[in-house]
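Undergrad: Pasting the sequence and the predicted model now:
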Amino acid sequence: MEKQTWQLVDSYMTERLRIGDEGLDAALANNRQKGLPAIDVSPTQGKLLTLLARMKGAKRILEIGTLGGYSTICLAQGMSDTGKIVTLEYEPKHAACAKENIAFAGYADQVDIIIGPALESLPILHEQQQSFDFIFIDADKPNNPHYVKWALKLASPGAVLVADNVIRDGEVLNRHSTDPRVQGIRTFVELLEQEERIEATAIQTVGEKGYDGFILGIVH
Ligand SMILES: C[S@@+](CC[C@H](N)C(=O)[O-])C[C@H]1O[C@@H](n2cnc3c(N)ncnc32)[C@H](O)[C@@H]1O
Ligand SMILES: [Mg+2]
C-alpha cells in the first residue's frame, strides 16, 4: 500500500533529526521477532517522551503498559542519571521481551518491570508510599479512568502526566461508540474535566501510526 504523506514525513524527520539509536532499533527488531504487536509509540513520539522527561528532570517515572519496553527506553534516555522507572505489564511474554530490550539498551539497573494487571500493582506501589514525578499511561484504554485516579494518588506535586492514544481516528467524539477503548477514553476525559488538580491539554497527531494523539498534563 502506498504510504501516506504523514508517514513519509515521519520517516524523513526521524532520519534528519537523528531519532533512534542502536538500543531502540534493537528493541523494535526483537519485538517483531518475538511476535509482539507493533503498538509501541513511534520514534518521533518516543523522542517527545525523552525530551519531556529531560525537561522535567524526571527522577521517578511510572509507566502503565510496557509492551517490549520501547517507550520505557525512550523515557530512560530522558530521565536523570540516577533516575528509576517502574513499568507495569500484564503479559509475561511482553515483559520478558522488554527485560531483554531494556538490558541491551543499558537500563537494567534503573527499570523495574512489574508483571500483572496494573490495577493490582498500583495499590501495592501506593501501600509502599512510592511517588512519581512523571507518569505515562499507555495500557488497556478501558481502564484509563482507573489509571488516572491512581495517578492522582501516586503523583508528586508538579508531576507530568502523559496518556497515549486518546484520539483514536477521531472516534473519541463518538458518544455512541461500542468500542470500550473509546468509552474508556471518553470517561477519562470527563474525569479530567472535573479534576482541578490536573491541568491538561490534548495534542492530535498524524504520523507513522496514523491519526491519534495524547493528553499532556501536570498534576498540581
Ligand atoms: C500499547 S502497549 C504499550 C506500548 C508501550 N508503552 C510502547 O509505547 O512501547 C499496551 C501494553 O499494555 C499491556 N496491558 C494491557 N492490559 C494491561 C493491564 N490491565 N495491566 C498491565 N498491562 C496491560 C499490554 O499487554 C501491552 O503490552
Ligand atoms: Mg500507545
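TA: Yes, it's here. Ligands and ions are numbered 1, 2, ... in the order given.
Undergrad: Would you map the helices across the chain?
TA: 5-16, 22-33, 43-56, 70-78, 92-105, 118-127, 144-154, 180-194 (DSSP state H).
Undergrad: okay if I get those as a markdown table plus mean neighbour count and mean pLDDT?
TA: For every residue, glycine as well, the C-beta is placed using N, CA and C. Shown next, in a markdown table, are those (neighbours: other CB atoms under 10 Å; pLDDT from 0 to 100):
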| stretch | mean neighbour count | mean pLDDT |
| --- | --- | --- |
| helix 5-16 | 14 | 94 |
| helix 22-33 | 17 | 98 |
| helix 43-56 | 20 | 98 |
| helix 70-78 | 26 | 98 |
| helix 92-105 | 19 | 98 |
| helix 118-127 | 16 | 98 |
| helix 144-154 | 20 | 97 |
| helix 180-194 | 17 | 96 |
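Undergrad: With distance to Gly217 as extra columns, can I get these in CSV?
TA: Listed next are the helices of the chain as CSV, based on distance: least, CB to CB, whole Å:
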stretch, distance to Gly217
helix 5-16, 25
helix 22-33, 26
helix 43-56, 11
helix 70-78, 16
helix 92-105, 25
helix 118-127, 18
helix 144-154, 9
helix 180-194, 7
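Undergrad: Would you mind putting these into CSV with distance to ligand 2 alongside?
TA: Output for the helices of the chain, formatted as CSV (distance: least, CB to the ion, whole Å):
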stretch, distance to ligand 2
helix 5-16, 15
helix 22-33, 13
helix 43-56, 8
helix 70-78, 7
helix 92-105, 13
helix 118-127, 14
helix 144-154, 12
helix 180-194, 11
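Undergrad: Residue numbers of this structure in contact with ligand 1?
TA: 39-41, 65-67, 70-71, 88-91, 94, 117-118, 138-140, 143 (CB under 6 Å from any ligand atom).
Undergrad: how does it look with 8 Å?
TA: Residues of the chain lying near ligand 1 by CB under 8 Å from any ligand atom: 36-37, 39-41, 45-46, 63-72, 74, 88-91, 94, 116-119, 121, 136, 138-140, 143, 164-165.
Undergrad: Just the buried residues of those.
TA: 36, 40-41, 45-46, 63-72, 74, 88-90, 94, 118-119, 121, 136, 138-140, 143, 164-165 (16 or more other CB atoms under 10 Å).
Undergrad: give me the residue from this structure nearest ligand 2.
TA: For the chain, the residue positioned closest to ligand 2 under CB to the ion is Asp164, at a distance of 3.5 Å.
Undergrad: Cool, thanks, signing off.
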